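S.K.: A predicted structure for the sequence below; I have some questions about it.
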Amino acid sequence: MRANGWEGPPASSDRDSMLPSDSGGRKLAGATPAPRPLVPRRATSDISLRNSHLWAPSLCMAKSPENSTLEEILGQYQRSLRERANRSIHQLKCALREGDVTVGEDAAGPSVENEENEENEDAGTAWHELRHSHAVNQLKALLRQQATKESEVSPSRRRKVSPLRASEDEEANVPTIHNLVPIINDQSQYIHHLEAEVKFCKEELSGMKNRVQVVVLENESLQQELKSQRQEEAMREQTLLDASGNMQNSWITTGEDSGVGEAAKRGFSHGDADVVVGASAGEAEKWKLELERLKLTYEEKTEVLESQLKFLRKDLAEYQKNCEDLKERLKHKESLLAANTSNWVGGLCLKCAQHEAVLSQTHNNVHVQTIERLTKERDDLMSALVSVRSILTDVQEREAGAYEQVKQAVQVAEEANFEKTKALIQCEQLKNELERQKERLEKELASQQEKRAFEKEMMKKDLTKEKEDLGSKILSLSQNIAQLEVQVEKVTREKISAINQLEEIQNQLASKEMDVTKVCGEMRYQLNKTKMEKDEAEKEHREYRAKTKRDLEMKDQEPMGGLSFPSTPLYHISIERPCQPERTLLELKKKKKKKKKRHLVWRRMKNLYPDFYYKFFVSNRYTHTHTHTPLLEFKNIQREC
């Protein structure tokens, strides 16, 4: 019994493949198998995990008996390996004992001690080596030679050969001790290697057991969940079946339609995969085909849903008709009961044909029982009607919800498939673009490298030419520099002379500035003097004016007896021929007007040239160098005034 996922020990073919072969390609039966290379643990675990989805379903129900069988198989394989190793060691020991006849015992003693020492030293690192050693290859070669010689010698010829000749042949065929000592040492290494391989297999088996247990637990939990879901679905279906027998068929049809939709989706997804695999040449045509497929699937799903809706609407109409029939029956029965109760008094009983009084007295309970029975039936029918109506409303709500859910699921699936195909196509387009760009960039790199090489050569030539040109330029520039130095010396001398002249001019300007300041002081003194005189003249003018006014008033008040005056007033005469004080008044007015004009001029000067104004009238440091433009402006302003 083997569990799926475990191959067991190697078959005969594997064992034969591990044996050494002779020159003809035949496997030697007595030879020891070549050691298998150890597989890293991580690689095996990765492979087992990667292929867990393949062997997990088959191992989900594995139990303790199968594990015990696997352990037994491994134990048998290990025992067989040990037996083969012991046989080969025993054969080698026999060969050594036979070889001791020709070789002395003194030489054999130290060799055995060396063998034991080497075994103790190499025991720790033997199982780490994964390749064949030189001693194992020597052992294979010796065994091949021995097998070929035994096959060549026939049994009839062996009988004829003398015992001395046979002993000589045996001594020649048997390998020497020096050749067999490293073979035995490497045989112990080979045994350690096999034991390490067996340990590794056991560890892998334990890991596989743990993984199988985990998978079994997960499968059990999933089975429980599936059972619970199935029970819930069965309960729901049972309630629906109790409510209406026809609803079962509708749910079956919906299940079939959903199965059809899933099959269509799967086919569509496979179609998407096929489209993505070959979407290099005709992307546009495949895109159109995908859109057509989407449209077809969508139309099929809409048709299925519409058919379900029609079927459910028919069921609803039938239920409503049944309800109306039941209502009519109830009404009819109620009307019959009312008629029977009203007309029953005047009739006769058919059973006993007695009088009305006798009937009313004897069979009164029968009518009551029939009425109660009918009322109970009516109540039951009404309750059934109410339940049917509630079931109808629930079914309608579920129908609407299922329709919306299916619609949303279809839309989501279509959008997901559409986005998937779109993303895959975009990825392929990007890959193609990247490849094209890579090729283009490689071509550009090659062209740029060629251009750079060509440009380097051209640059070298240009640099050599530029060096020669620069050498000639340097010579010419050195000559020009010598000439320029001479010119610079001349310019420095002229500069020194100009500086001296400037200093002299500055001294002259300073002296002239002193003269100007003195003149300005004198002008100020004269201006102040004229201002004082003007003030005194104004005072005198005022006094004269007042006196003239008084004199005129006095003259007007005095009586003039016997004298005749002209009709014109005196001030007209004075205006025509003004006297001395009036002349002075007119002159003063003219002076005031001039003064006002001057004030206006100075204000304009102050606004236009404030620096000139403050230097000329405040600081007294104004020189002729600054009066060139402001004086001209000042004269122009005076002319305008």
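M.R.: Perfect, thanks for sending it.

S.K.: pLDDT on stretch 400-418, on average?
M.R.: Averaged over stretch 400-418, pLDDT sits at 79.

S.K.: Pull it out as PDB, backbone CA atoms only.
M.R.: This file holds the C-alpha atoms of stretch 400-418, laid out as PDB (Å, rounded to 0.1, in the frame of the first residue of the first chain):
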ATOM      1  CA  ALA A 400     -36.100  40.500  -6.900                       C
ATOM      2  CA  GLY A 401     -33.100  40.000  -4.700                       C
ATOM      3  CA  ALA A 402     -31.900  37.000  -6.700                       C
ATOM      4  CA  TYR A 403     -32.400  38.900  -9.900                       C
ATOM      5  CA  GLU A 404     -30.400  41.900  -8.600                       C
ATOM      6  CA  GLN A 405     -27.700  39.700  -7.200                       C
ATOM      7  CA  VAL A 406     -27.400  37.700 -10.400                       C
ATOM      8  CA  LYS A 407     -27.400  40.900 -12.400                       C
ATOM      9  CA  GLN A 408     -24.700  42.400 -10.200                       C
ATOM     10  CA  ALA A 409     -22.700  39.200 -10.300                       C
ATOM     11  CA  VAL A 410     -22.900  39.100 -14.100                       C
ATOM     12  CA  GLN A 411     -21.900  42.800 -14.300                       C
ATOM     13  CA  VAL A 412     -19.000  42.300 -11.800                       C
ATOM     14  CA  ALA A 413     -17.800  39.100 -13.700                       C
ATOM     15  CA  GLU A 414     -18.000  40.900 -17.000                       C
ATOM     16  CA  GLU A 415     -16.100  43.900 -15.700                       C
ATOM     17  CA  ALA A 416     -13.500  41.700 -14.100                       C
ATOM     18  CA  ASN A 417     -13.000  39.700 -17.300                       C
ATOM     19  CA  PHE A 418     -12.900  42.900 -19.300                       C
END
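
S.K.: Hmm, residue 421 is touching residue 290, no?
M.R.: Yes: the pair residue 421 / residue 290 is scored as a contact, 5.8 Å apart, by Cβ atoms under 8 Å. Heads up, the C-betas are built off the backbone N, CA and C, glycines and all.

S.K.: Show me which of these two is the more surrounded one.
M.R.: Neighbour totals were compared for residue 421 and residue 290, and residue 421 leads with 23 against 20 (other Cβ atoms under 10 Å).

S.K.: Got the phi and psi for the more buried one?
M.R.: phi -60, psi -40 (degrees, to the nearest 10).

S.K.: Give me the local confidence score for it.
M.R.: 81.

S.K.: do the same with residue 110
M.R.: So, for residue 110, pLDDT stands at 43.

S.K.: swap in the one 4 residues further on?
M.R.: Reported pLDDT at residue 114 in the predicted model: 48.

S.K.: Could you do residue 228 as well?
M.R.: Residue 228 is given a pLDDT of 79.

S.K.: Let me know the secondary structure of it.
M.R.: helix (DSSP: H, G, I helix; E, B strand; the rest coil).

S.K.: how many other residues sit next to it?
M.R.: Residue 228: 10 neighbours (other Cβ under 10 Å).

S.K.: do the one 5 residues further on as well
M.R.: Counted with other Cβ under 10 Å, the neighbours of residue 233 add up to 10.

S.K.: do the same with residue 286
M.R.: By other Cβ under 10 Å, the residues close to residue 286 number 20.

S.K.: can you check residue 199 too?
M.R.: Count around residue 199 with other Cβ under 10 Å applied: 12.

S.K.: element containing it?
M.R.: helix 177-243 (DSSP states H and E).

S.K.: How about residue 382?
M.R.: Going by DSSP H and E, residue 382 is in helix 364-557.

S.K.: can you count the residues close to residue 541?
M.R.: With other Cβ under 10 Å as criterion, residue 541 counts 17.

S.K.: what pLDDT, on average, does whichever strand or helix holds residue 311 get?
M.R.: Element membership for residue 311, per DSSP H and E: helix 283-343. In this model, helix 283-343 has an average pLDDT of 76.

S.K.: Just want the angle from that helix to helix 364-557.
M.R.: Orientation check (axes from the mean of the first three to the mean of the last three Cα atoms, to 10 degrees): helix 283-343 against helix 364-557 gives 120 degrees.

S.K.: Packing partners of helix 283-343?
M.R.: Where contact means 3 or more Cβ pairs under 8 Å, 6 or more residues apart in numbering; DSSP states H and E, helix 283-343 is packed against helix 246-277, helix 364-557.

S.K.: just to revisit the earlier point, elements contacting the helix holding residue 199?
M.R.: Helix 177-243 packs on helix 41-50, helix 52-59, helix 64-99, helix 105-122, helix 134-152, helix 246-277, helix 364-557, going by 3+ Cβ pairs under 8 Å, 6+ apart.

S.K.: ok, residue 394 to residue 401 distance?
M.R.: Applying Cβ to Cβ, to the nearest Å, the value for residue 394 to residue 401 is 10 Å.

S.K.: let me redo that: residue 295
M.R.: 26 Å.

S.K.: Ok, residue 71 next?
M.R.: Distance, residue 71 to residue 401, using Cβ to Cβ: 56 Å.

S.K.: The two: who's more crowded?
M.R.: Per other Cβ under 10 Å, whichever of residue 71 and residue 401 has more neighbours is residue 71, with 13 against 10.

S.K.: And that one, what's its pLDDT?
M.R.: Value for residue 71, per-residue pLDDT: 71.

S.K.: Now for it: which residues touch it?
M.R.: residue 205 (Cβ atoms under 8 Å, 6 or more residues apart in numbering).

S.K.: so what's residue 396 closest to, chain neighbours aside?
M.R.: residue 316 (7.3 Å; Cβ to Cβ, 6 or more residues apart in numbering).

S.K.: Isn't that neighbour up against residue 392?
M.R.: Yes: if you go by Cβ under 8 Å, residue 316 and residue 392 touch, sitting 6.6 Å apart.

S.K.: re earlier: highest mean neighbour count out of the helices and strands packed on helix 283-343?
M.R.: Comparing these by mean neighbour count (mean count of other Cβ atoms under 10 Å), helix 246-277 ranks first with a mean of 14.

S.K.: For that one, give the mean pLDDT please.
M.R.: 44.

S.K.: likewise stretch 503-511?
M.R.: On average, stretch 503-511 scores 90.

S.K.: now could you export just the CA positions of it as PDB?
M.R.: The C-alpha coordinates for stretch 503-511 follow below in PDB (Å, rounded to 0.1, in the frame of the first residue of the first chain):
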ATOM      1  CA  GLU A 503      45.000 119.200  -8.400                       C
ATOM      2  CA  GLU A 504      45.900 122.700  -9.600                       C
ATOM      3  CA  ILE A 505      42.400 123.200 -11.000                       C
ATOM      4  CA  GLN A 506      40.900 122.100  -7.800                       C
ATOM      5  CA  ASN A 507      42.900 124.500  -5.800                       C
ATOM      6  CA  GLN A 508      41.800 127.300  -8.200                       C
ATOM      7  CA  LEU A 509      38.200 126.200  -7.800                       C
ATOM      8  CA  ALA A 510      38.600 126.300  -4.000                       C
ATOM      9  CA  SER A 511      39.900 129.900  -4.200                       C
END
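
S.K.: hang on, the earlier thing: give the contact list for the residue nearest to residue 396.
M.R.: 392, 395-396.

S.K.: pLDDT weak spots in the stretch 501-641 of the chain?
M.R.: 559-585, 597-599, 601, 604-606, 608-641 (pLDDT under 70).

S.K.: before we move on, the earlier item: could I get the helices and strands packed on helix 283-343 in TSV, plus columns for distance to residue 284?
M.R.: Output for those, formatted as TSV (distance: least, Cβ to Cβ, whole Å):
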stretch	distance to residue 284
helix 246-277	12
helix 364-557	10
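
S.K.: follow-up on the earlier one: got the angle for the helix holding residue 199 vs helix 364-557?
M.R.: Using the same axes, to 10 degrees: helix 177-243 against helix 364-557 is 100 degrees.
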